[in-house]
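Novice: Below are the sequence and a predicted model; questions follow.
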Amino acid sequence: SQFIATAGGDTQVKLWNLEGKEIQTIGKHKNYAIGVRFSPDGQTIASTSADTTVKVWNLEGKELKTLRGHRNSVFGLSFSPDSQTIATAGGDDTVRLWKLDKQNYHQTLNGHTDSLWSVSVSPDGKLIATAGDDQMIRFWDWQGKLLTIIHAKSDEEWNRIWGLSFSPDGQSISAVSSDKTVKLWNLQGQLLKTFNGHTDQVYEVSFSPNGQTLATASYDGTIKLWATNGQELKTFRANARKARGISFSPDGKLLASSHHDGAVRLWNLRGQLLKTFQGHSSYVTRVRFSPDGKILASASRDRTIKLWTLGGHELKNLVGHSAGVTGLSFSPDGRTLASVSDEGIIRLWNIETGQEIQTIQGDGYPFWNIQFSSDGKNLVTVSDDAQVEIWNAETLLLRQLMPKGCDWIKNYLDYNMRINQRDRTICNGIS
């Protein structure tokens, strides 16, 4: 070989010639890089890291894949002779096999410079909007291309954009933030209106399905309804210290709100409290209606997700997260619920059974929000490390089915005398 690759405590993977001259920096991990290997065909480099990931690069420094699954530092790494499989050994006491041609379920979008709290997908499914502590609203397509940026700077010395919501016609976007305001922008970056009235941070915003009304939830304990011209229409007051989440029902007739007293509240648009849902033991971060409007899902800092009927009956208690749940999204067909948490893990749940059907390990940084694409084929997450990440939901669900299928046919492959030796290995590496 004409090159030497190194991994270092500065998180970087570097390429050198045999005279010791640095040729280029291939890329960086989020924690110190531990090991590095060339593929046998000499076309790629794989690196391991204390950030729990394995990264695969081409020799020009383009990141081809990030392999997630280990829950501790990854120490050992080896390619198969055909360069199509990687074996890794981690501090989580597992050895994992990765088929490189089957790991195309994830991409990372870079551009933000600080923690991200909010994500919204346009109604036509073509745009992703993200925002957070850098006070920039960025618009992306599903291929990861940055399309435009709104500079949403506040007059406050420090400001955090907590929530975003596209209008139903996709022509404008609302943003709520810690400066107590609600702002409405067109997609060209023109500020259309600033809504003033809350007396504390505004955490979440939701457009009504007909696009004529916005609902906001604030730490001042109130829910407010606004006309798009900025007129305050109604204020709902609950006996709770802070309002955290807000969601319109699909038919636009009801509002669900979540609060720091551990309750979910259901309202009509006249401000009448219809039902209070009690059951969480800590404050409720998010609340979402199912696409058919028959189920409410609530996420809490108590590490659980609850599914409710609109009458207040608890249908399911989804347990699996080991830290506070920070984001929720129903798939468009209503059969799957996606959740994220402080532990940096995505979990997918079967709504009918309440069973967890898939777990996806991130980089270890907290996820703050998640949303399905309008066709249900992708998920987008935002996190504390300023990363926007797109995940192929179809592939992730298939990954859950493959190990089950291999488990079902294990005895058949092991003991049926009519199977040739090659076919006995078809499930090797699937776990």
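Specialist: Sure, I can see it.

Novice: List the residues that contact the residue nearest the centre of the chain.
Specialist: For the chain, the residue nearest the mean C-alpha position is Thr381 (2.3 Å; CA atoms, centre = their mean). Applying CB atoms under 8 Å, 6 or more residues apart in numbering, we find Thr381 in contact with Val119, Gly327, Val340, Ile346, Gly362, Phe367, Asn369, Ile370, Val388, Glu389, Trp391. (C-beta placed from N, C-alpha, C; glycine too.)

Novice: Just send those residues back as CSV, with neighbour count too.
Specialist: Formatted as CSV, the contacts of Thr381 follow (neighbours: other CB atoms under 10 Å):
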residue, neighbour count
Val119, 24
Gly327, 24
Val340, 28
Ile346, 23
Gly362, 24
Phe367, 27
Asn369, 26
Ile370, 24
Val388, 24
Glu389, 23
Trp391, 22
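
Novice: The helix or strand hosting the residue nearest to the centre of the chain - which strands sit beside it in the sheet, and in what orientation?
Specialist: Thr381 is part of strand 378-383 when elements are defined by DSSP states H and E. With DSSP bridges as the test, strand 378-383 is paired with strand 367-372 (antiparallel), strand 388-392 (antiparallel).

Novice: Check what contacts the longest one and list those residues.
Specialist: This means strand 367-372. Counting by CB under 8 Å, 6+ apart, 115-121, 132, 326-332, 338-342, 344-346, 378-384, 393 sit against strand 367-372.

Novice: If any of these are buried, give me the ChimeraX selection for them.
Specialist: Remark: buried members of the contacts of strand 367-372, expressed as a ChimeraX selection using 16 or more other CB atoms under 10 Å:
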select :115,116,117,118,119,120,121,132,326,327,328,329,330,331,338,339,340,341,342,344,345,346,378,379,380,381,382,383,384,393
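
Novice: Now go through the contacts of strand 367-372 and say which are in strands.
Specialist: Assigned to strands by DSSP state E, the following of the contacts of strand 367-372 qualify: 116-121, 132, 326-330, 338-341, 345-346, 378-383.

Novice: Walking through the stretch 251-400 of the chain, point out its strands one by one.
Specialist: 254-259, 264-268, 273-277, 284-289, 295-300, 304-309, 314-319, 325-330, 336-341, 345-350, 356-361, 367-372, 378-383, 388-392 (DSSP state E, counting those that start in this stretch).

Novice: Just give the strands next to the fifth one in its sheet, each with its orientation.
Specialist: Translated: strand 295-300. Here, using DSSP bridges, strand 295-300 pairs with strand 284-289 (antiparallel), strand 304-309 (antiparallel).

Novice: Give the buried residues for that strand.
Specialist: Ile295, Leu296, Ala297, Ser298, Ala299, Ser300.

Novice: quick check: mean pLDDT across that strand?
Specialist: Mean per-residue pLDDT for strand 295-300: 98.

Novice: contact partners of it?
Specialist: 256, 258, 262, 264, 266, 277, 280-290, 305-310, 315, 324-328, 330, 334, 337, 339, 351.

Novice: between that strand and strand 314-319, how many degrees?
Specialist: Using axes from the mean of the first three to the mean of the last three CA atoms, to 10 degrees, the inter-axis angle of strand 295-300 relative to strand 314-319 is 40 degrees.

Novice: As CSV, could you dump the C-alpha coordinates of strand 295-300?
Specialist: Provided in CSV are the C-alpha atoms of strand 295-300 (Å, rounded to 0.1, in the frame of the first residue of the first chain):
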residue,chain,number,x,y,z
ILE,A,295,-56.2,8.0,19.9
LEU,A,296,-54.0,10.4,21.8
ALA,A,297,-50.4,9.6,22.5
SER,A,298,-48.5,11.4,25.3
ALA,A,299,-44.8,11.4,26.0
SER,A,300,-43.4,12.2,29.5
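
Novice: That one to strand 273-277, inter-axis angle?
Specialist: Using the same axes, to 10 degrees: strand 295-300 against strand 273-277 is 60 degrees.

Novice: orientation of strand 295-300 relative to strand 336-341 in degrees?
Specialist: Using the same axes, to 10 degrees: strand 295-300 against strand 336-341 is 10 degrees.

Novice: Let me know the angle separating strand 295-300 from strand 325-330.
Specialist: 160 degrees.

Novice: roughly how far is strand 295-300 from the heart of the chain?
Specialist: How far strand 295-300 lies from its chain's middle: 17 Å, per CA atoms, centre = their mean, to the nearest Å.

Novice: Now the terminal residues of stretch 17-27, how far apart.
Specialist: 17 Å (CA to CA, to the nearest Å).

Novice: Verify the stated contact: Asp261 with Tyr283.
Specialist: Yes: between Asp261 and Tyr283 there is a contact under CB atoms under 8 Å: 7.2 Å.

Novice: re earlier: any of the contacts of strand 295-300 buried? List them.
Specialist: 256, 258, 262, 264, 266, 277, 280, 283-290, 305-308, 310, 324-328, 330, 334, 337, 339, 351.

Novice: Just checking, which helix or strand of this structure averages the lowest pLDDT?
Specialist: Every helix and strand of the chain was ranked by mean pLDDT, DSSP states H and E. The lowest is helix 393-408, at a mean of 62.

Novice: of all the buried residues of strand 295-300, which comes closest to Val176?
Specialist: Ala299 (18.3 Å; CB to CB).

Novice: how far away is the closest residue to the closest one other than its chain neighbours from Ser331?
Specialist: Spatial nearest neighbour of Ala299, excluding adjacent residues (CB to CB, 6 or more residues apart in numbering): Val325 at 3.8 Å. Look at Val325 and Ser331: by CB to CB, to the nearest Å, they are 17 Å apart.

Novice: What distance do you get for Glu356 to Phe236?
Specialist: 34 Å.

Novice: Over to Asp251?
Specialist: With CB to CB as the criterion, Asp251 and Phe236 are 19 Å apart.

Novice: returning to that earlier point: give me the more crowded residue out of Glu356 and Phe236.
Specialist: Phe236 (23 against 16; other CB atoms under 10 Å).

Novice: Provide a list of residues in contact with that one.
Specialist: Thr222, Ile223, Lys224, Leu225, Leu255, Ser257, Trp267, Gly271, Leu273.

Novice: I'd guessed the last one sits against His259; true?
Specialist: No: with contacts counted by CB under 8 Å, Leu273 stays clear of His259, the gap being 11.7 Å.
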